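> what follows is a protein structure lacking sequence information:
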Ligand SMILES: Nc1ncnc2c1ncn2[C@@H]1O[C@H](COP(=O)(O)OP(=O)(O)OP(=O)(O)O)[C@@H](O)[C@H]1O
């Protein structure tokens, strides 16, 4: 730690300027005092060095000395960047290249010692701009902490920051190539290697909240808040509700445990107590249940069903091969007496907070008890998803058979799944109807379902209606798709789902594009959360170390070495005060920036001042990171156990 000083009362005295090699060189050499403190006390007293930073490498704009404990304290430009003679080690391209620092986050109210960039002095999320990788960029000559040229081409591993901090690169970083080995094969279609990609060759020095993904440019600055860095409130609320629903228990519901099948904690999901036998021929109940393995499932119970043919239940095996995003996976089926009757139970995957299409579209919403008919775009999205589900089912030589609005569930916004597959195969096993006939019937059921949603009529009788008349508000495309589904084939059994999909191909593409946008949006949210997880781990580690009461009397523990610097760092991050008003600064941006830089161990230097203002330390994040690792390792030793990975 060449630049680190501990508790040295006189350490802030002005450094003497370097001895010039020749008088001529001196006036071209930037005075070290200007570098370190922003001014030179001896400027007017004969100091021979150059005091105009603009004549050499441009120093940071805010190089003015301010009081201790202020986050606006004078900046310090590492000698590595401005040592005369060494500047030639930086290629002109490297010097001009923009470091990877999303603006607006990088400066905060910190006392950073900027490398080359000049950042706005206060944290302003509104100013965040996208990172544009530099096309041509010479990384072969960069400087290490000692000011010597080093090879900066290194494989960058965002999950192992020590590589970034401790070693320097040897091969160009290619973010696309990097994941190829780890990526499961099913991701290959989307994430193919891009050999021609001109990688941002500069090693990414620290994690910041890179604004990746779709951007909304119509927001005015004041609308961008700290919430921009976290998952959106709506999504958070939705996920939390789902998580709560998943964990809900109802001990007073009086429902049995199914010990033989290892299910317990049943919670009824039916909101409707009037059980009709219209769909399956038996009253049915739906429960959420937890299995012994800790996972959650849905149990659909058919009350009073007696299994007369063991072969019926074997049908389930065939359903296990159906793997489609539009079908709720069928897990198992069994009979039980646990409910006090003879019940047939189907086990499905659980999708918390689902609603049936009937519950969603036919529930009255206005005071006249009406709900507006569904919008055509939404209906097209249902058509595409259900058609894809039918394709998967028919492709496995099965038929859906149950396409009632009360048996298609909405698991996410506009995301539908068939929720009662396999039931009729078991219940009507004896009827032994030909599969081709059942598959043709699926088209009719599908057409009826869409027609009832489009006309907002749950009880539509399709025999005597004119689709064109009923769906006047919809496009001819939509009307003809519904007509195709409802019209029996000229040659029995000749209709097939592939033909239907071909005829709606333009809507498939639109739907696919919407899914891509939705995925982009979710990924953007994921990026926001990515850094938060890291920071929680880092904060936990720091809190484990800082000011442990049991070691309070132990001077070695708290007042020396790494723990002392980390304590000062804690003050620097969390206890900053405004230089002018002396009021506490509660700047989340500052905290995020500092913690991210610590996590990455950057070479940026900061000045840490003791609370009494007596001593200061100039230290890099890289050194701080090393100290944190050492202090935590020491703590682990004292704890006598490994604390786990942080
Ligand atoms: N796999 C599942 N995951 C989560 N919830 C589900 C699942 N399947 C069904 N549900 C939910 O269970 C509830 C009851 O479903 P059910 O099929 O019994 O509908 P219903 O409207 O009660 O119809 P019926 O009157 O025929 O019983 C619905 O709110 C539905 O969203």
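Thanks, I have it. Just so we're clear, the structure is a prediction, and the values are computed from it rather than from any experiment.

> in the stretch 401-550 of the chain, where is pLDDT below threshold?
The model of the stretch 401-550 of the chain has pLDDT under 70 over residues 463-464.

> one more time with 90
Within the stretch 401-550 of the chain, the stretches with pLDDT under 90 are 455-473, 488-494, 521-538, 541, 543-550.

> can you give me the strands for it?
Remark: strands assigned in the stretch 401-550 of the chain by DSSP state E, counting those that start in this stretch are 408-412, 415-418.

> pull out the buried positions in the longest one.
So that's strand 408-412. The neighbour-count criterion (16 or more other CB atoms under 10 Å) identifies 408-411 as the buried residues of strand 408-412. In this view, the C-beta of every residue, glycine as well, is placed from N, C-alpha and C.

> number of nearby residues for the closest residue to residue 393 other than its chain neighbours?
In this structure, residue 393 finds its nearest non-sequential neighbour in residue 400, 5.3 Å apart by CB to CB, 6 or more residues apart in numbering. Other residues lying near residue 400 total 27 when counted by other CB atoms under 10 Å.

> the one 4 residues further on now?
Residues contacting residue 404 under the criterion other CB under 10 Å number 19.

> show me this protein divided up by domain.
Taking automatic domain parsing as the criterion, the chain consists of the domains 1-182+193-247+518-646, 248-503.

> hey, least reliable of the ones you listed by pLDDT?
Among these, domain 1-182+193-247+518-646 carries the lowest mean pLDDT, at a mean of 61.

> now the closest residue in space to residue 574 that isn't next to it in sequence: which helix or strand?
Counting by CB to CB, 6+ apart, residue 574 lies nearest to residue 591, which is 6.7 Å off, once chain neighbours are set aside. Taking DSSP states H and E as the criterion, residue 591 maps to helix 588-600.

> buried sites along that helix?
The neighbour-count check on helix 588-600 (16+ other CB under 10 Å) flags 589-600 as buried.

> any idea which of these is closest to the ligand?
residue 592 (37.5 Å; CB to the nearest ligand atom).

> who's the residue nearest to residue 319 when sequence neighbours are not counted bridged to?
Residue nearest to residue 319 in three dimensions, not counting chain neighbours: residue 330, with 4.1 Å by CB to CB, 6+ apart. With DSSP bridges as the criterion, residue 330 is bridged to residue 348.

> which residues touch residue 330?
Residues in contact with residue 330 (CB atoms under 8 Å, 6 or more residues apart in numbering) are 316, 319-320, 322, 346-348, 421-422.

> got the buried residues of helix 588-600 as TSV, with distance to the ligand columns?
Converted to TSV, those look like this (distance: CB to the nearest ligand atom, whole Å):
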residue	distance to the ligand
589	41
590	44
591	40
592	38
593	42
594	44
595	39
596	39
597	44
598	43
599	39
600	42
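
> surely residue 562 and residue 627 touch.
Yes: in this structure, residue 562 is within contact of residue 627 by CB atoms under 8 Å, at 3.5 Å.

> of the two, who's got more company?
More crowded of residue 562 and residue 627, by other CB under 10 Å: residue 627, with 22 against 19.

> now that one: how far from the ligand?
Per CB to the nearest ligand atom, to the nearest Å, residue 627 is found 50 Å from the ligand.

> out of the buried residues of strand 408-412, who's nearest residue 498?
The shortest gap between residue 498 and any of the buried residues of strand 408-412 belongs to residue 408, at 21.5 Å (CB to CB).

> thinking again about what came up before, nearest to the ligand, of the buried residues of strand 408-412?
Within the buried residues of strand 408-412, the smallest distance to the ligand is 4.5 Å, found for residue 409 (CB to the nearest ligand atom).

> ok, now which ones touch that closest one?
By CB under 8 Å, 6+ apart, the contact list for residue 409 reads 328, 351, 354-357, 416-417, 419.

> show me the beta-bridge partners of it.
Counting by DSSP bridges, the residues bridging with residue 409 are residue 356, residue 417.

> offset the numbering so it begins at 27, please.
Done: numbering now begins at 27, and the last item shifts to residue 435.

> restrict the contacts of residue 356 to those near the ligand?
residue 374 (CB under 6 Å from any ligand atom).

> and the contacts of residue 356, which are buried?
Among these, those scoring as buried are 342, 345, 348, 372-374, 447-448 (criterion: 16+ other CB under 10 Å).

> what packs against the longest helix belonging to the chain?
When the chain is scanned for its longest helix (criterion: DSSP state H), the result is helix 531-571. With contacts taken as 3 or more CB pairs under 8 Å, 6 or more residues apart in numbering; DSSP states H and E, helix 531-571 sits against helix 402-421, helix 587-600, helix 614-626, helix 647-665.

> try 10 Å
helix 259-273, helix 402-421, helix 502-512, helix 523-529, helix 587-600, helix 614-626, helix 647-665 (3 or more CB pairs under 10 Å, 6 or more residues apart in numbering; DSSP states H and E).

> winner for burial among those?
helix 614-626 (a mean of 22; mean count of other CB atoms under 10 Å).

> which SSE is immediately downstream of that helix?
Using DSSP H and E, the helix or strand that directly follows helix 614-626 along the chain is strand 631-635.

> helix 647-665 and that next one, what's the angle between them?
Relative orientation of strand 631-635 versus helix 647-665 (axes from the mean of the first three to the mean of the last three CA atoms, to 10 degrees): 60 degrees.

> strand 631-635: partners in the sheet, and parallel or antiparallel?
With DSSP bridges as the test, strand 631-635 pairs up with strand 138-139 (antiparallel), strand 642-646 (antiparallel).

> phi, psi for the nearest residue to residue 268 once chain neighbours are set aside please.
Leaving aside its chain neighbours, residue 268 sits nearest to residue 378 (4.1 Å; criterion: CB to CB, 6+ apart). Backbone torsions of residue 378, given as degrees, to the nearest 10, read phi -60, psi 150.

> what's the ChimeraX syntax to select whichever of the contacts of residue 435 are buried?
To isolate the buried subset of the contacts of residue 435 in ChimeraX, counting by 16+ other CB under 10 Å, use the following:
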select :354,377,380,382,383,442,443,445
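
> for the stretch 77-226 of the chain, which residues are neighbours of the ligand?
Contact residues (CB under 6 Å from any ligand atom) of the stretch 77-226 of the chain with the ligand: there are none.

> ok, back up a step: go ahead and confirm the residue nearest to residue 600 touches residue 561.
Yes: using CB atoms under 10 Å, residue 617 is in contact with residue 561, at 8.8 Å.

> which parts of the stretch 227-376 of the chain are strands?
Remark: strands assigned in the stretch 227-376 of the chain by DSSP E, counting those that start in this stretch are 289-294, 310-317, 322-328, 356-362, 369-375.

> pipe those strands into JSON lines and attach distance to residue 543 per row.
JSON lines is the format used below for the strands of the stretch 227-376 of the chain (distance: least, CB to CB, whole Å):
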{"stretch": "strand 289-294", "distance to residue 543": "35"}
{"stretch": "strand 310-317", "distance to residue 543": "31"}
{"stretch": "strand 322-328", "distance to residue 543": "30"}
{"stretch": "strand 356-362", "distance to residue 543": "31"}
{"stretch": "strand 369-375", "distance to residue 543": "26"}
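
> contacts only, for residue 450.
Counting by CB atoms under 10 Å, 6 or more residues apart in numbering, residue 450 touches 305-307, 341, 425-428, 457, 459, 464.
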